[in-house]
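> What follows is a predicted structure for the sequence shown.
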Amino acid sequence: MTHPTPYYRRLAATPEIEIVLDGTSLRVPADAPVLPSLMALGIEAWSGRNRQAQPLCLMGACFQCTAVVDGRPGQRLCRTPARQGMSIGSEQADG
Amino acid sequence: MADATPVAIVGAGPAGSGVAFALAEAGVGCVLIDDNAAAGGQVFRAGWQQSAPRSAADPRGVELRARLRRAAATIDHRPNSELVAVENGMLWLLDSDGRLGSIRFDALVVATGAIEVFAPMPGWTLPGVVGLAGLQTMLKSAGVVPAAPTVLAGAGPLLYLVATQMIEAGVPVAAVVDAAARPSPGVLAQMAARPSLLLAGLTLRLRLLRARVPVLTSTAIVEIEGGGHAEAVRVAPVDRAWRPHAGSATRIECRVVGLGLGLRPNVDVTRAAGCRHAHDLGRGGWHPERDEDGVTSVPGVFVAGDAGGITGADAAIADGAIVAVAVLRHLCQPVPSMLASEAAVARRLRARQRLFAKAIMQWSAPRPGIFDAAPADTMICRCEAVTRRALDDALAGGYEAPGPAKMATRIGMGACQGRLCHPALQAITQQRRGIAPADQGMPTVRSPLRPVPARALIAMAHARSEP
């Protein structure tokens, strides 16, 4: 799921907060949408129901970056701002 | 209990916010619903730059958000709110905490903007493949850019704008691949309706030249190669219908691929509201029928900005005053003379903006060959994993219109509700069965417009049955 060298990078260092992705703590910029920050950490691919395709539009239209955020399924990470302590889980393959 | 408002506006981009401001000047309040965290839409998206030392945020977006804060007493701005249904003067929305609410309105203004058009191709489902507008959004909202060789492909002005923004952010852009031919002298002459924008476009082109980025025109990607991630693209020249000659492909190494064939109106809400739609490639394909004032076929439902046909951000701003006047008339409210003259000026500006937009479309509106090029194993519908082969089989079996093809294959029935695959489904049906898009009609839209928790549906049904 992660690449040793991410294919994306952050242009500037901004204040970070901690989120938990599938049980792993990660530091990401506060308030920015979660998905680009994860991409800059080398996390680009997601598992889940009908997830033969990976996030494409980053504008809320393709629904291919959905995950369980703080217990709520179907949340699009491209438009979910990162908050301290936020818990993100991949959707179940048969969910 | 439903809230009530004289005017509900969906979308807080330049068009929706513009209508809200104009109504506020006339003393009429509204609820301004937006599914983003901050107003401004895609074009004036707020983001990380505002707190960065060297601010690069569009000053018009900063001004829009400041004005919205000042008008908080009149404009009830609801960010992070998803519209899930609209019916009989009532709309339903989910707030950021997943709570369902409903609002009664006397007038509805749909200002939902545009969405990007994609053509399916082998490998477009891989990580590393993102939308051109998405790349721009990543830059604007998170300050994240590709760090590896990047190919940008598609058509239209956004291709050149994003290419320039990426180069300025230090992205190694390996190539810009444009399916459109260079604009003809005739098209350039039409673009001169707005000399400043024509100049801006030529400047973008010059910057790419100076950065020594190869720009391949009349060329398209035929395949994105890679195992677990994009690793290279194969590009080939296209014919007049934008069908690539796959035999003569060239390989370009890259790890990120930005795709986008331009914009089309986001018609989710006008469709749900029952507005009549028409198909016109010059306006981005399917769009709600609207008159000069933004009046749709449904009384009390108005459309403003790109949602009513692609004309760009400036025309969306112009629509603010124009559509607000129409809304005030519908509500039998007086139109302040300031607003009336503002609308008159906006009309004159908009005429030139439309000429320019028409020239842009003539140059870059996607042609059907590029959608039809996908080979049998290509996934057309990403949500439901429907391949080109399955779609061809359904079409060969006599399924002519998008509706029956959906039932046969589940194409367009996933989470995105066909937002991504509909242009491809339509073009492939056109090519294979010879049925023009206008005769295919639009696929039906059903509430909820967004995937919602079952408890929200139950709450809706319960509220509907109340007297």
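Yep, it's here.

> can you tell me how far the residue positioned nearest the centre of chain A sits from residue A:81?
Geometric centre of chain A, nearest residue: residue A:35, 3.9 Å, by CA atoms, centre = their mean. Distance, residue A:35 to residue A:81, using CB to CB, to the nearest Å: 11 Å. Every residue, glycine included, has its C-beta placed from N, CA and C.

> Any part of the helix or strand that contains the residue nearest to the centre of chain A near chain B?
Taking DSSP states H and E as the definition, residue A:35 sits inside helix A:34-40. Yes: using CB under 8 Å from any CB of the partner chain, helix A:34-40 reaches chain B at A:36, A:37, A:39, A:40.

> Check the secondary structure at residue B:161 for me.
Secondary structure state of residue B:161, per DSSP: H, G, I helix; E, B strand; the rest coil, is helix.

> For chain B, give me its nearest residue in chain A.
Closest residue of chain A to chain B, CB to the nearest CB: residue A:58 (3.0 Å).

> and that residue, how many neighbours does it have?
Number of residues near residue A:58 (other CB atoms under 10 Å in any protein chain shown) recorded here: 29.

> That one is in what secondary structure piece?
Here residue A:58 is assigned to no helix or strand, by DSSP H and E.

> what sits against it?
Counting by CB atoms under 8 Å, 6 or more residues apart in numbering or on different chains, residue A:58 touches A:35, A:36, A:65, A:78, B:130, B:131, B:133, B:134, B:135, B:137, B:138.

> same check, this time on residue B:395
With contact taken as CB under 8 Å, 6+ apart, residue B:395 is in contact with B:405, B:428, B:429, B:432, B:433.

> Quick one: the helices in the stretch 101-250 of chain B, in order.
Remark: helices assigned in the stretch 101-250 of chain B by DSSP state H, counting those that start in this stretch are B:132-142, B:157-168, B:185-191, B:195-210.

> Of the ones you listed, flag the one that's most buried.
Mean neighbour count (mean count of other CB atoms under 10 Å in any protein chain shown) peaks for helix B:132-142 among the helices of the stretch 101-250 of chain B, with a mean of 26.

> where does chain A have its least confident helix or strand?
None of the helices or strands of chain A scores lower by mean pLDDT, DSSP states H and E than strand A:72-76, at a mean of 88.

> Show me what that strand is packed against.
Strand A:72-76 is packed against strand A:66-69, with contacts defined by 3 or more CB pairs under 8 Å, 6 or more residues apart in numbering or on different chains; DSSP states H and E.

> what mean pLDDT does stretch B:244-255 have?
Mean pLDDT, computed over stretch B:244-255, is 92.

> and what of stretch B:30-37?
Average pLDDT, stretch B:30-37: 93.

> what's next to it, contact-wise?
For stretch B:30-37, the external contacting residues (CB under 8 Å, 6+ apart) are A:60, A:79, A:81, B:3, B:5-12, B:16-17, B:19-20, B:23-24, B:39, B:45-46, B:68, B:74-83, B:91, B:93, B:103, B:105, B:109.

> What's the ChimeraX syntax to select whichever of the residues you listed are buried?
To isolate the buried ones among those in ChimeraX, judged by 16 or more other CB atoms under 10 Å in any protein chain shown, type:
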select /A:60,79,81 /B:5,6,7,8,9,10,11,12,16,17,19,20,23,24,39,45,46,68,74,75,76,77,78,79,80,81,82,83,91,93,103,105,109
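
> Narrow the contacts of stretch B:30-37 to those in strands?
Using DSSP state E, the subset of the contacts of stretch B:30-37 located in strands is B:3, B:5-10, B:75-78, B:82-83, B:91, B:93, B:103, B:105, B:109.

> tell me which parts of the stretch 201-350 of chain B are close to chain A?
Proximity of the stretch 201-350 of chain B to chain A, by CB under 8 Å from any CB, involves residues B:228, B:229, B:255, B:256, B:259.

> can you rerun that using 10 Å?
Contact residues (CB under 10 Å from any CB of the partner chain) of the stretch 201-350 of chain B with chain A: B:228, B:229, B:230, B:254, B:255, B:256, B:259, B:260, B:266, B:268.

> Which one of those is nearest to chain A?
Comparing these against chain A with CB to the nearest CB places residue B:255 closest, at 4.6 Å.

> from what I can see that closest one touches residue B:149, true?
Yes: shown here, residue B:255 and residue B:149 form a contact pair, counting by CB atoms under 10 Å, at 6.0 Å.

> Could you tell me which residues touch both of these two?
The contact sets of residue B:255 and residue B:149 overlap at A:7, B:172, B:174, B:232 (CB atoms under 10 Å, 6 or more residues apart in numbering or on different chains).

> now do the same end-to-end measure for stretch B:207-227.
Stretch B:207-227 has an end-to-end distance of 34 Å (CA to CA, to the nearest Å).

> What residues of that stretch count as buried?
Using 16+ other CB under 10 Å as the burial criterion, the residues of stretch B:207-227 that qualify are B:208, B:213, B:215-216, B:218-226.

> Of all pairs in the shared contacts of residue B:255 and residue B:149, which one spans the longest distance?
B:172 and B:232 (14.3 Å; CB to CB).

> Between these two, which has more neighbouring residues?
A count of neighbours by other CB under 10 Å puts residue B:232 above the other of residue B:172 and residue B:232, at 19 against 15.

> Look up how far residue B:121 lies from residue A:30.
Distance from residue A:30 to residue B:121, by CB to CB: 37 Å.

> which of those two has more neighbours?
Shown here are residue A:30 and residue B:121; by other CB under 10 Å, residue B:121 has more neighbours (27 against 16).

> List the contacts of that one.
Contact analysis of residue B:121 by CB under 10 Å, 6+ apart lists B:129, B:153, B:220-224, B:233-234, B:244, B:257, B:259, B:370-371, B:373-375, B:378-379, B:424.

> Please flag which of these sit within strands.
The strands, defined by DSSP E, take in B:129, B:153, B:220, B:221, B:222, B:223, B:224, B:233, B:234, B:257, B:259, B:379 from the contacts of residue B:121.

> Show me how chain B divides into domains.
B:3-114+B:264-360, B:120-260, B:369-435 (automatic domain parsing).

> As CSV, those domains with distance to residue A:25 would be great.
CSV is the format used below for these (distance: least, CB to CB, whole Å):
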stretch, distance to residue A:25
domain B:3-114+B:264-360, 22
domain B:120-260, 19
domain B:369-435, 29
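
> To residue B:465, which of those lies closest?
Residue B:465 lies closest to domain B:3-114+B:264-360 among those, at 13.2 Å (CB to CB).

> Distance from that closest one to the middle of the chain?
Remark: domain B:3-114+B:264-360 is offset 14 Å from the chain centroid, using CA atoms, centre = their mean, to the nearest Å.

> How about the contacts made by residue B:221?
B:119, B:121-124, B:129, B:151, B:153-154, B:175, B:177, B:179, B:233-236, B:244, B:249, B:252, B:257, B:259, B:370, B:373.
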